[in-house]
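Turn this into a model:
(one chain, ligands or ions: 1)
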Amino acid sequence: MNGEKILLGVSGGIAAYKACELVRRLRERGAEVQVVMTENATRFVTPATFQALSGRPVRTSLWDEAAEAAMGHIELARWADRIVIAPASAETMARLAHGHASDLLGTVCLATDRPVFLAPAMNHLMWRNAATTANVALLQSRGFRMLGPDRGEQACGETGEGRMMEPAAIVDALAKWPLRSDRLAGLRVLVNAGPTLEDIDPVRYIGNRSSGKMGFAVAEAAQLAGADVCLVAGPVNLPTPAGVRRIDIRSAAQLLAVMLAEAPGVDIVIASAAVADFRVREIAPQKIKRGPEGIHLDLVPNPDVLAEVARLQPKPFLVGFAAETENVLEYARRKLAKKNIDLIAANDVARPGCGFDANENALTLIGAESQWHFAQAGKFELARQLIDRIALCFRSRS
Ligand code: PMT
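Numbering: from 1, shown residues only. Below is the predicted model:
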């Protein structure tokens, strides 16, 4: 956990006092800790206590102008390598499950694609209540990870399940989910991401939808798994993940040229780019004038970049993506065979909350003989799971 940036969310409950020890233990392990308290949490422990322990000003409100000017809530969400909410009250989990953004902690959790860990703390009847059970199931299905709760005597004097896990146990559990691994150590990975744009004239273009978020998350997860990563990016508005070499392209032709130049000697290629399948036969040198009768575009097919890379000898281990809106698994399987690749991540882009632009996604990774489903989660969390599986498939092939 050395050097890791942890955003610790503290919500309202008597167990908030235990979060003080958690801050101390996380810092002992070398983590940087930024505390965000809900308004109710400040009724149990003062922000001054957490400020002294964490060495950073505590954030409590979306409406603190000075704090927002120093680091806005979106930057705060981006700053964190992971988010830990301890204690996570029934109220906070209900709000997270339903995507409320009325306070700082809820907003940060909505704006992150990092793993979020919840350490619930509440009365045992509240924990077993059907509403809480449903909220926990929903949160887990979206990739939130539960730390506890423990069983034992509770602050209210009753005994049961609902005690917050002890800070030492939380730190041990977090250490078992390290962000960094050596699964791809010593390997070279080439990732492509984002759309390609095909110019019609100096002003207009055609292209596919893609924000690049999925592919950038894959590149970052591969880098954190120890790989030497090159990311070939179409026009997107995203920062380059730390430690990743980036090459920007615009069109499918440029993507093909860069991929063919970079792929030799690479171990794994992961193609998440949404490549435009057509381009205009000739780009007009000047802006085409609008007329009452409209225009006809003479479109010609673009090369299949991934299929071209698959012709290289020796061939890298190839992972494609398939963005589909119907018959998702069947069409993805056809692409796996047609493009002569090793794995394909089937992406149902018609599924609400997933696919293009969204912060979350769900994928089914398909190989010649097996397939693995990855439930809906933040794109970074999903990318970590995907990279782990790709690494296992790559190692078992070699
Ligand atoms: O970028 P986001 O907003 O986060 O969205 C992510 C995503 C939905 C774009 C991503 O998860 C995804 O599904 N990417 C694949 C998009 C796509 O266009 O798929 P496809 O089914 O058309 O292509 C299949 C595979 O062949 C892909 O690996 C693609 O990169 C590749 N291909 C396609 C056409 C072409 N001419 N050349 C190619 O290399």
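
So what's the residue count around residue 136?
Residue 136: 20 surrounding residues under other C-beta atoms under 10 Å. To be clear about C-beta, it is placed using only N, CA and C from the backbone, and glycine gets the same treatment.

Quick check: mean pLDDT of the strand or helix carrying it?
Using DSSP states H and E, residue 136 maps to helix 130-141. Across helix 130-141, pLDDT averages out at 94.

mind listing what's buried in it?
132, 135, 136, 139 (16 or more other C-beta atoms under 10 Å).

How about stretch 318-338?
So, applying 16+ other C-beta under 10 Å, buried residues of stretch 318-338: 318-324, 328-329, 331-333, 335-336.

now swap in stretch 53-63 and tell me
For stretch 53-63, by 16+ other C-beta under 10 Å, it's 53, 54, 57, 58, 59, 60, 61, 62.

Repeat that for stretch 91-106.
Across stretch 91-106, burial judged by 16+ other C-beta under 10 Å covers 92, 93, 94, 95, 96, 97, 103, 104, 105, 106.

How far away from the center of its chain is the helix or strand encompassing residue 345?
Assessed by DSSP H and E, residue 345 sits inside strand 343-348. Taking the mean of its C-alpha atoms, strand 343-348 sits 16 Å from the chain's own mean (C-alpha atoms, centre = their mean, to the nearest Å).

For the helix or strand just after that strand, list the C-alpha coordinates in CSV.
Next in sequence after strand 343-348, counting helices and strands by DSSP H and E, comes strand 360-366. What follows is strand 360-366, C-alpha atoms only, in CSV (Å, rounded to 0.1, in the frame of the first residue of the first chain):
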residue,chain,number,x,y,z
GLU,A,360,-19.5,1.4,-16.0
ASN,A,361,-19.5,-1.6,-18.2
ALA,A,362,-20.1,-5.4,-18.2
LEU,A,363,-18.2,-7.8,-20.4
THR,A,364,-18.1,-11.5,-21.4
LEU,A,365,-14.6,-12.6,-22.4
ILE,A,366,-14.8,-15.4,-24.9
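
Residues touching strand 360-366, excluding its own?
Strand 360-366 is contacted by residues 113, 142-143, 214, 328-329, 332-333, 336, 343-348, 351, 353-355, 371-379, 382, 386, 389-390 when judged by C-beta atoms under 8 Å, 6 or more residues apart in numbering.

Contact distance from the ligand - what residues of the protein qualify?
Within the chain, the residues that sit near the ligand (C-beta under 6 Å from any ligand atom) are 208, 210-215, 252, 271-275, 277, 302, 304-306, 320-323, 335, 347, 349, 355-357.

Just the buried ones from those residues?
Buried among the residues of the chain next to the ligand (16+ other C-beta under 10 Å): 208, 210-215, 252, 271-275, 302, 304-306, 320-323, 335, 347, 349, 355-356.

Have a look at the protein and report the helix or strand with the lowest mean pLDDT.
helix 65-70 (a mean of 84; mean pLDDT, DSSP states H and E).

how close does whichever residue of the stretch 1-150 of the chain sits closest to the ligand get to residue 359?
Closest residue of the stretch 1-150 of the chain to the ligand, C-beta to the nearest ligand atom: residue 113 (9.9 Å). Per C-beta to C-beta, to the nearest Å, residue 113 is found 5 Å from residue 359.

any shared contact partners between these two?
With C-beta under 8 Å, 6+ apart, residue 113 and residue 359 have common neighbours 213, 378, 379.

Quick check: phi and psi at residue 117.
phi -110, psi 140 (degrees, to the nearest 10).

surely it meets residue 82?
Yes. Using C-beta atoms under 8 Å, residue 117 is in contact with residue 82, at 6.7 Å.

Overlap of the contact sets of those two?
Counting by C-beta under 8 Å, 6+ apart, the residues touching both residue 117 and residue 82 are residue 174.

mind listing the strands for the stretch 1-150 of the chain?
Remark: strands assigned in the stretch 1-150 of the chain by DSSP state E, counting those that start in this stretch are 5-10, 32-37, 82-88, 116-120, 145-146, 150-153.

Residue 228 and residue 190 touch, don't they?
No. Counting by C-beta under 8 Å, residue 228 stays clear of residue 190, with 9.8 Å between them.

So for these two, which sits in the more crowded spot?
Remark: of residue 228 and residue 190, residue 190 carries more neighbours, 28 against 18, as counted by other C-beta under 10 Å.

and for the helix or strand hosting the more buried one, what are the contacting residues?
Taking DSSP H and E as the criterion, the element that holds residue 190 is strand 188-193. Residues outside strand 188-193 that contact it (C-beta under 8 Å, 6+ apart) are 210, 212, 214-216, 218-219, 222, 227-234, 236, 255, 259, 262-263, 265-273, 305, 316.

What ranges does the chain have for its helices?
Secondary structure of the chain (DSSP state H): helices at 16-28, 47-54, 65-70, 73-79, 90-97, 104-110, 124-128, 130-141, 167-176, 213-224, 252-262, 305-309, 328-338, 379-397.
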